[in-house]
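Student: Take a look and give me a structure for this.
(4 chains)
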Protein chains: 2
Amino acid sequence: MADHYTIYDIAAEAGVSIATVSRVMRGEASVSPKTRAKVDAVISRLNYRPSSIARGMTSKTTNALGILLPKLLNPNYAMIFTGANDAARRRGYSMTLFPWHSITGQQEHQTLALAERRLDGVIICVEYMPDNEREQFLTDLKKLRQYMPIVLIGCVPRTYDFPAISYNMAGIVRESVSALIGLGHRRIALVGGMESDRDELRRDVGYQECLKDARLPYVSSYRVFCGGRVEDGEAAFDSMLSGLQKNFWPTAVVALNDLVAMGCAAAARRHGLSIPGDISVLGCDNIFCAPYLTPPLASIDMHQQQLGARAVELLLSGENIREEAQWEMIMRGSVAPCR
Amino acid sequence: MADHYTIYDIAAEAGVSIATVSRVMRGEASVSPKTRAKVDAVISRLNYRPSSIARGMTSKTTNALGILLPKLLNPNYAMIFTGANDAARRRGYSMTLFPWHSITGQQEHQTLALAERRLDGVIICVEYMPDNEREQFLTDLKKLRQYMPIVLIGCVPRTYDFPAISYNMAGIVRESVSALIGLGHRRIALVGGMESDRDELRRDVGYQECLKDARLPYVSSYRVFCGGRVEDGEAAFDSMLSGLQKNFWPTAVVALNDLVAMGCAAAARRHGLSIPGDISVLGCDNIFCAPYLTPPLASIDMHQQQLGARAVELLLSGENIREEAQWEMIMRGSVAPCR
DNA sequence: ATGTAAAATGACAGCGCTTACAAAAACAAC
DNA sequence: GTTGTTTTTGTAAGCGCTGTCATTTTACAT
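Tutor: Modelled structure (predicted):
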């Protein structure tokens, strides 16, 4: 497979110099029509494609962007990717997906590994991570920045000095919880995410504020931490319900994301609860299947495609701006007034 | 961002030649411990990362594989990608995702564009395509092959002389339809896919065989073609139902994939049908949310992760083998005996 | 014809690595 | 202190392009 043609082959075959071939390839104007035709003929006859490797060697710019995503299995990230990819192509860049800790778990290595590719920029989606990992992560980011511009998306600490589109975790939860309180719910569970020493990363902040405003008690059994997969939500909520007497069961649950929400719904049903009759479920991300669940899952739309596109803009603008991701609550059948 | 260190900087800083730095980077044995330590110190002090571009330039091999996927929004492809990516990493390769016709629609361009990246191999997932496009596609594949090994996955015509893992479209449908016939269904709809002049690509073949074996009539109104998204299935099935008198409505539907199945289910409900009471629904791909739908969606598991992994193996083995993807029917609540 | 500016083409020096091959250094055995 | 090995290090030639600069060709005016 290493026996493809080079610019020299084309030049020789067409009887011109490699510079001329290069000009034709790049569509430069200063080539006579006759020569251009001659070269073009050879190019298409031999199916010549210039090596982007060699190109990148000289031109220092690769026209390639990258995006680092935690897990593709969450359709949410597929949406962000799609948005980013489309935006990149529209601007003449390619967009390449790099999945995070999919085998090894050592993201340290992976973040920095990006440095070897000389991309023109990279978007990094940041999920919850333990506080102790965060320091290492920041170090890696700083190193990576020596090699290419970075834009962060997601759960970004305020102290990070990087262009970013961050999620207002507290704000989103605040809106979720207060909507449920408005519907008469008093026992509201919060499922998913992890503890953190950084307030701006804690969904709990919004949760507790809301409860306080409504003069509701904070019941720690209603708060459970877990990962972001369906199974995680299912296991977490299952054990919450198992650990509580029926008359203390929550009447509503706010989940980290839609997958976790699906898990909670499954667990609730297994315990004989009906949705939304006995318990309301509110997710986040508004993934494609949310409207098709029974009942349709109420969720928070994060406008992911737009978000991905905006991240590309930010990346290419070079500005060190920090924005907040917009969101919109989508009410659906899984949420109802407390009976 | 173009101001990162090169091997020369490291060499100068460490007081050695670039060859020595190169040796240290690649972990060659023939470097004295003292020198290695000295160089390593400089490398980590300056966060030096060799350029994979320059590396690829000389070594002709990039340790990078690619995978070309139609639409990431179908979780099915996310699974294939995950399997392929994990397998690739395990073998020391990176795996990069290239999305297909996400904006332009001209796959022609996109397939060939891959040639410019000098990857060590590429997996291409082939979906249904119109017969007339297929010829162009084959031409492109042949050109691309000059540059890198290819493995195809999916809907691959028998005549393609490429290593491939192909779907047995007819076989899958045959198993689906006969299962439903076994449950007493007589009016079975087939939704999704497209017409083709190549038998091995037609789901209809299995469909019609089954009907014939069971001495059931082929009713063309029960066969409807559509794309692979939820909306496509919804619209297609909706118009099928609208066009038929109630007493001729199908009692079961076999969908192209789970997304289409979700669409069919939604359309059926809109027409007042209950699942599986009035109509059974059988999908394909067994995407992650299938078990969480109400009722849980029966589907065909294509073992996608394994499939992706196998494709990587095939790619790296270099053998021109053609295999058939395994599948397994997963019965769930959306399918029931015909009442 | 002649001169001159503009257009077209070519020669060549990198880009940052790898990898022979050559040279030097370190070590042994005499 | 030689000489012969082995280990370690350095030199230099690419890899396939781009881009600068020099050169040739062409076009046009005189």
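Student: Now do the residue of chain A found nearest DNA strand D against A:Val42, distance only.
Tutor: Across chain A, the shortest distance to DNA strand D (Cβ to the nearest atom of the strand) belongs to A:Ile7, at 2.7 Å. In this view, the C-beta of every residue, glycine as well, is placed from N, C-alpha and C. Distance from A:Ile7 to A:Val42, counting by Cβ to Cβ, to the nearest Å: 11 Å.
Student: Kindly report the same for A:Leu293.
Tutor: Note on A:Leu293: its distance to A:Val42, by Cβ to Cβ, is 57 Å.
Student: between the two, which one's more packed in?
Tutor: Using other Cβ atoms under 10 Å in any protein chain shown, the more surrounded residue of A:Leu293 and A:Val42 is A:Leu293, with 25 against 20.
Student: surely that one meets B:Thr294?
Tutor: Yes: with contacts counted by Cβ atoms under 8 Å, A:Leu293 reaches B:Thr294, the gap being 7.0 Å.
Student: is any part of stretch A:154-173 close to chain B?
Tutor: No: applying Cβ under 8 Å from any Cβ of the partner chain, one finds stretch A:154-173 out of contact with chain B, separated by at least 13.2 Å.
Student: any idea how far that stretch is from the chain center?
Tutor: Relative to its chain's centre, stretch A:154-173 lies at 13 Å (Cα atoms, centre = their mean, to the nearest Å).
Student: what mean pLDDT does it have?
Tutor: Here stretch A:154-173 scores 93 as its mean pLDDT.
Student: got it, and stretch A:294-303?
Tutor: According to the model, stretch A:294-303 has a mean pLDDT of 96.
Student: And stretch A:216-234, by the same measure?
Tutor: In this model, stretch A:216-234 has a mean pLDDT of 94.
Student: on that earlier part again, how about the residue of chain A closest to DNA strand D, phi and psi?
Tutor: phi -60, psi -30 (degrees, to the nearest 10).
Student: repeat for A:Ile330
Tutor: The phi/psi pair for A:Ile330 (degrees, to the nearest 10) reads phi -110, psi 110.
Student: My guess is the residue of chain A closest to DNA strand D contacts A:Ser22. True?
Tutor: Yes: applying Cβ under 8 Å, one finds A:Ile7 in contact with A:Ser22, separated by 6.4 Å.
Student: which residues touch the closest residue to A:Arg145 other than its chain neighbours?
Tutor: Among residues not flanking A:Arg145 along the chain, A:Phe162 sits closest, at 7.6 Å (Cβ to Cβ, 6 or more residues apart in numbering or on different chains). Going by Cβ atoms under 8 Å, 6 or more residues apart in numbering or on different chains, A:Phe162 touches A:Leu141, A:Arg145, A:Ile150, A:Val151, A:Leu152, A:Val156, A:Asn320.
Student: now A:Glu234
Tutor: Residues counted as contacts of A:Glu234 (Cβ under 8 Å, 6+ apart) are A:Met262, A:Gly263, A:Cys264, A:Ala266, A:Ala267.
Student: which SS state does the last one fall under?
Tutor: Pointing back at A:Ala267 there. Recorded secondary structure, A:Ala267: helix (DSSP: H, G, I helix; E, B strand; the rest coil).
Student: Tally up the residues packed near it, please.
Tutor: 22.
Student: can I assume it is in contact with A:Glu231?
Tutor: No: with contact defined as Cβ under 8 Å, A:Ala267 does not count as touching A:Glu231 (10.4 Å).
Student: if we can go back for a sec, can you tell me which two in the contacts of A:Phe162 are farthest apart?
Tutor: Using Cβ to Cβ, these reach their maximum pairwise distance at A:Arg145 and A:Val156, which is 14.3 Å.
Student: Identify all contacting residues around the strand or helix carrying A:Asp204.
Tutor: Per DSSP states H and E: A:Asp204 is located in helix A:203-213. Helix A:203-213 has contacts (Cβ under 8 Å, 6+ apart) with A:169-178, A:181, A:188, A:190, A:192-193, A:199, A:217-218, A:223, A:254, A:256.
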